[in-house]
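Asks: Whatever this is, show me its structure:
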Amino acid sequence: MQQDRYTTVDVARQVAFDVLRAVDAEDAYANLVLPKTLRQRRLHGRDAAFATELAYGVLRSRGTYDAILQACLDRPIEQLDPPVRDLLRLGAHQLLALRVPDHAAVATTVALTRVAVGTGAAGLVNAVLRKLPARDLDGWLAEVLPDAAADEDTHLAVRWSHPQWVVRSLREALRAHGQDAAQLPDLLAADNAAPAVALTALPGLCDAAELVATGARPGRWSPTAAVMDGGDPGALPSVRDGRARVQDEGSQLAALLLTAAAVEGADGRWLDLCAGPGGKAAVLAATAAQRGGHLVAVEVSEHRTRLVESSLQAVTRAAAQAGTRPPEVRTADGREVGTEEPGAYDRVLVDAPCTGLGALRRRPEARWRRTPADLGALGPLQRALLTSAVQAVRPGGVVAYVTCSPVLAETRLVVDDVVRAQGKRGLALERLDTAGLLHAVTGAAVPGAAAGTAVQLWPHLHGTDAMHVQLLRRTS
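Replies: Predicted coordinates for the structure are as follows:
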């Protein structure tokens, strides 16, 4: 009877495998494809949690697992068909990281291989996975890890499952933002820890106390935050009706810092220059409505424009009930707004497209999808968007430049270049004390967050994504 149980493909493992294949073959995002697949397969409760742990566990740790699996293979792992690699990683995660009995982990993975790929591949998967229980994870690491003194980058890359170029980039980012590079292992480890679900209460529509009353705990930093240690956020009435949203505390703070900065003169017209998918836009729109203003949200992609519209539904409904102006969503290229509407806005957010290396806890596949070339490719876009923003804001108004990456090429260097280039054209920009303003927003000191005049948050220090925020005031 037990043999039948373990030779039948169970839905949770099939879902995890399907997610891994979609991420690898279709460039899908796990945080989007997994919920959809769970709904399609009608998985709930423990089965859904198991499928989630399998998929995300493999995406986070595949670099480590590949090194261990390589020690059990007679050919380079890169020569295996991609589906077979994913199946071996699924088995390795169960054997080395979860409390799945060895025989169950091997037999169920072999059964899945037989159905998904074929009998020949099932024999290979069976032979390799049967070698893994000979050691626990620490034992395998002791065998496969390169010597740290001889090759620290490779050692860290294998131990913490990050590409070497990401290891180097994050070490440089720590140093560039005033942190000790000795923190790097802690930062890499934090990237591999599943984050708790943080919620934001949209100002004027909900508050953190309402969320805490449902069983969440207060956020650590953001005054609008509450954190769930378990359960489905979609089950909360405030989330279902859009008055509260799932949003990392670092992302909340990025939007709140822009709302807290002092502007000179009028303060009713706000702009989110690249608004999709709409989390920060929702915070800005709700806050603007409280102050009698309104938000214009611009997004270049029609699909993402619809996501922004969905994010703003609660604010739009509230405006209709109050007879006030609702937020406006446009499909347009943010790089062109500055020349089309020069000096038209009081506050502007540039949540710039970036490598996402500060959000690897939530999007673990990004570490495998991105390459060093992306830094060069994204740089011109980041500079063009920030240039458009400082042209779109009026003298006395404020711009927030935000990335979910701490990498110097996407943070300080972008701001430095734009400030310098605009100064040569006669448009003067003042760097605000964003780090000082953070204290006013949080109501407490945030150790380790100051990066010159900017704010740089860290997963290992603050429990947030590694958000970077710099505020600029246009002075001429």
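Asks: Strands of the chain, start to end?
Replies: 197-201, 217-218, 225-228, 244-246, 269-272, 294-299, 328-331, 345-351, 393-403, 429-431, 450-451, 454-456, 468-474 (DSSP state E).
Asks: from the chain's centre, how far out does the third one sit?
Replies: From the chain centre to the centre of strand 225-228 is a distance of 17 Å (Cα atoms, centre = their mean, to the nearest Å).
Asks: contact partners of that strand?
Replies: Residues from elsewhere that reach strand 225-228 (Cβ atoms under 8 Å, 6 or more residues apart in numbering): 196-201, 208, 211-212, 215-220, 249, 252. Every residue, glycine included, has its C-beta placed from N, CA and C.
Asks: and those residues, which are buried?
Replies: 197-201, 208, 211-212, 216, 219, 249, 252 (16 or more other Cβ atoms under 10 Å).
Asks: re earlier: and the strands of the chain as a markdown table, adding distance to residue 167 and mean pLDDT?
Replies: A markdown table is the format used below for these (distance: least, Cβ to Cβ, whole Å; pLDDT from 0 to 100):
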| stretch | distance to residue 167 | mean pLDDT |
| --- | --- | --- |
| strand 197-201 | 27 | 97 |
| strand 217-218 | 33 | 96 |
| strand 225-228 | 29 | 98 |
| strand 244-246 | 29 | 97 |
| strand 269-272 | 33 | 98 |
| strand 294-299 | 33 | 97 |
| strand 328-331 | 38 | 98 |
| strand 345-351 | 26 | 98 |
| strand 393-403 | 19 | 98 |
| strand 429-431 | 30 | 97 |
| strand 450-451 | 20 | 96 |
| strand 454-456 | 18 | 98 |
| strand 468-474 | 19 | 98 |
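Asks: Select, out of those, the one closest to residue 257.
Replies: Residue 257 sits nearest to strand 468-474 of all the strands of the chain, at 5.4 Å, using Cβ to Cβ.
Asks: could you redo the buried ones among the contacts of strand 225-228 as CSV and give each row distance to residue 273?
Replies: Output for the buried ones among the contacts of strand 225-228, formatted as CSV (distance: Cβ to Cβ, whole Å):
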residue, distance to residue 273
197, 28
198, 24
199, 25
200, 20
201, 25
208, 28
211, 29
212, 33
216, 31
219, 26
249, 23
252, 19
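Asks: From these, pick the one nearest residue 119.
Replies: residue 197 (41.4 Å).
Asks: Report the contact partners of that closest one.
Replies: Residue 197 touches 227-228, 233, 246, counting by Cβ under 8 Å, 6+ apart.
Asks: can you check residue 364 too?
Replies: So residue 364 contacts 30, 56, 59-60, 191-192 (Cβ under 8 Å, 6+ apart).
Asks: which parts of stretch 334-342 are buried?
Replies: So stretch 334-342, judged by 16+ other Cβ under 10 Å, has buried residues 334-335, 337-338.
Asks: pLDDT score assigned to residue 130?
Replies: The per-residue pLDDT reported for residue 130 equals 98.
Asks: Give the burial count for residue 372, as a bare number.
Replies: 14 (other Cβ atoms under 10 Å).
Asks: Kindly indicate which of the buried ones among the contacts of strand 225-228 lies nearest residue 153.
Replies: residue 249 (30.4 Å).
Asks: Isn't the closest one up against residue 459?
Replies: No. Residue 249 is beyond contact range of residue 459, at 11.0 Å (criterion: Cβ atoms under 8 Å).
Asks: about what we covered before: can you redo the buried residues of stretch 334-342 as a markdown table, where the extra columns are distance to residue 82 and pLDDT?
Replies: Output for the buried residues of stretch 334-342, formatted as a markdown table (distance: Cβ to Cβ, whole Å; pLDDT from 0 to 100):
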| residue | distance to residue 82 | pLDDT |
| --- | --- | --- |
| 334 | 36 | 98 |
| 335 | 36 | 98 |
| 337 | 41 | 98 |
| 338 | 43 | 98 |
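Asks: Just the ones in helices from the residues you listed, please.
Replies: Counting by DSSP state H, those place 334-335, 337-338 in helices.
Asks: List just the nearest of the contacts of residue 364 to residue 158.
Replies: Nearest to residue 158 among the contacts of residue 364, counting by Cβ to Cβ, is residue 192 at 12.8 Å.
Asks: Can you give me the distance of that closest one to residue 321?
Replies: Between residue 192 and residue 321 the computed distance is 45 Å (Cβ to Cβ, to the nearest Å).
Asks: Who has more neighbours out of those two?
Replies: Under the criterion of other Cβ under 10 Å, the comparison of residue 192 against residue 321 puts residue 192 first, with 20 against 8.
Asks: can you give me the offset of stretch 370-389 from its chain's centre?
Replies: Relative to the mean C-alpha coordinate of its chain, stretch 370-389 is positioned 18 Å out (Cα atoms, centre = their mean).
Asks: And that stretch, what's buried?
Replies: 370, 374-375, 378-379, 381-389.
Asks: Grab the nearest non-local neighbour of residue 426.
Replies: What sits nearest to residue 426 in space, not counting adjacent residues and going by Cβ to Cβ, 6 or more residues apart in numbering, is residue 476, at 6.9 Å.
Asks: Isn't the one you found up against residue 428?
Replies: Yes. At 4.2 Å, residue 476 counts as touching residue 428 under the criterion of Cβ under 8 Å.
Asks: Done for today, thanks.
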